[in-house]
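K.L.:
Below is the sequence, then the predicted model.
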Amino acid sequence: MRTSVLTLVRGRKTHLINLLKSIALQTTPPDELVIAWMQEAPHDDLPDPGCPVCHVMVPGDPLPLAAARNRAAEAASAELLVFLDVDCIAGPGVVGAYQKAAGEQEGLFLGEVFYLPAKAVGDTLDFAALDQAGAPHPAKPPVPSIGVREEPDAGELWGLSFALPRARYLDIGGMDEAFVGYGGEETDFARRLAAAGLPFFWTSGARCYHQHHPISVPPLQHFDHILRNAKLFYARHGRWCMDYWLGQFNERGLIRWSSQSTQIERLREPSAAEIVEAQQGDSRLFS
């Protein structure tokens, strides 16, 4: 099965370099890499990923995440799309594991991601060392040791690592570009795919490693985008997404909201001091 790996980039040059190094080390190389650049120009002096590279320019503010994924999928030439976040390092078996799973059943396939602490990645990728340094996200279920396991909750989709047939991506119109900025587009996409009858599977052997970057808890820097996209999601689906962030905003007196609410009442904007205070140190791996 021909396979395209797709990634989105704004900044993060060092992370992208490590992702490209890991693509070059795949035991089953992809047929191409598609990079959607959410910036004015590609980075220079990048390593060879060991396969042809297609560059797609998708600049815009706020972050055009849905549009960038759609342009990348449209530009891809292969049957299977493997989406990897630029923060990921792909373990050597990722492409092969997704290919094998997709060759045995149709579905959307989810891979395991280990989160790395700061300074865990050296100049040369040492996957045994990354296995020792990394930790799975505590909110995610364990992946099967062999084969795949069906996941009944489409909300488990995360944009770090997943694969699906290109035809199924395009058939539902890709991600909804009405979601702009941060949050919501992946969950909306997952619900529409599930409604179209595509099953979801956790996939063995597709481990990636999330390269550390500073995070904010809660992500107050995305406050406006999260509120806008949460309201859009509720209008489309009659339920909330990003509940954990909305709950954190509510606890801080920024909004009036509960999981039973039908709307979000904005009370005030986060202050500059609150945004700075929400920033976490290098020891925090998970949001």
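P.N.:
It's in.

K.L.:
going forward, measure contacts and count neighbours with C-alpha atoms only.
P.N.:
OK.

K.L.:
Give me the most central residue, the protein.
P.N.:
Nearest residue to the geometric centre of the chain (CA atoms, centre = their mean): residue 159, 1.9 Å.

K.L.:
Now the phi/psi pair for that residue, please.
P.N.:
Dihedral angles of residue 159 (phi, psi; degrees, to the nearest 10) stand at phi -80, psi 0.

K.L.:
In this structure, what residue spans correspond to helices?
P.N.:
For the chain, applying DSSP state H gives helices covering 13-24, 65-75, 94-104, 127-133, 166-171, 185-195, 223-237, 243-251, 272-278.

K.L.:
pLDDT score for the closest residue to residue 25 other than its chain neighbours?
P.N.:
Setting aside the residues directly before and after it, residue 25 is nearest to residue 92 in space (CA to CA, 6 or more residues apart in numbering), at 5.8 Å. The model reports residue 92 with a pLDDT of 98.

K.L.:
before we move on, what about residue 81?
P.N.:
For residue 81, pLDDT reads 98.

K.L.:
residues touching it, list them.
P.N.:
If a contact means CA atoms under 8 Å, 6 or more residues apart in numbering, then residue 81 has 3, 4, 5, 6, 73, 163, 164, 165, 166 as its contacts.

K.L.:
What of residue 185?
P.N.:
Counting by CA under 8 Å, 6+ apart, residue 185 touches 65, 66, 175, 176, 177, 179, 229.

K.L.:
if we can go back for a sec, in TSV, list the helices of the chain along with distance to residue 54.
P.N.:
As requested, the helices of the chain are exported to TSV (distance: least, CA to CA, whole Å):
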stretch	distance to residue 54
helix 13-24	13
helix 65-75	8
helix 94-104	18
helix 127-133	27
helix 166-171	16
helix 185-195	23
helix 223-237	30
helix 243-251	35
helix 272-278	37
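
K.L.:
before we move on, back to that, quickly check the contacts of residue 81 for the two that are furthest apart.
P.N.:
6 and 165 (12.8 Å; CA to CA).

K.L.:
More neighbours: those two, which one.
P.N.:
Remark: of residue 6 and residue 165, residue 6 carries more neighbours, 26 against 18, as counted by other CA atoms under 10 Å.

K.L.:
who does the more buried one bridge with?
P.N.:
Going by DSSP bridges, residue 6 is paired in beta bridges with residue 34, residue 83.

K.L.:
Make sure it is actually in contact with residue 88.
P.N.:
No. Residue 6 sits out of contact with residue 88 when judged by CA atoms under 8 Å, with a separation of 11.7 Å.

K.L.:
Mind giving me the packing neighbours of the longest strand anywhere in the chain?
P.N.:
Ordering each strand of the chain by length in residues (DSSP state E) puts strand 200-210 first. For strand 200-210, the elements it packs on are strand 88-90, helix 94-104, strand 108-115, strand 148-151, judged by 3 or more CA pairs under 8 Å, 6 or more residues apart in numbering; DSSP states H and E.

K.L.:
Can you tell me which helices and strands the second one packs against?
P.N.:
Packed against helix 94-104 by the contact rule (3+ CA pairs under 8 Å, 6+ apart) you find strand 80-84, strand 108-115, strand 161-165, strand 200-210.

K.L.:
re the thing from before, OK, contacts around the residue nearest to the centre of the chain?
P.N.:
When contacts are counted by CA under 8 Å, 6+ apart, residue 159 touches 83, 84, 85, 186.

K.L.:
One more pass at 10 Å, please.
P.N.:
With contact set as CA atoms under 10 Å, 6 or more residues apart in numbering, residue 159 has these partners: 7, 83, 84, 85, 110, 185, 186, 187.

K.L.:
Show me which pair in these is furthest apart.
P.N.:
The distance between the two most remote of the contacts of residue 159 (CA to CA) is 18.1 Å, for 7 and 187.

K.L.:
can you list the domains in this protein?
P.N.:
Domain assignment of the chain by automatic domain parsing yields the ranges 3-210, 220-278.

K.L.:
just checking, which of those domains sits deepest inside the structure?
P.N.:
Mean neighbour count (mean count of other CA atoms under 10 Å) peaks for domain 3-210 among these, with a mean of 19.

K.L.:
and the longest strand of the chain, what's its mean pLDDT?
P.N.:
What strand 200-210 shows for mean pLDDT is 98.
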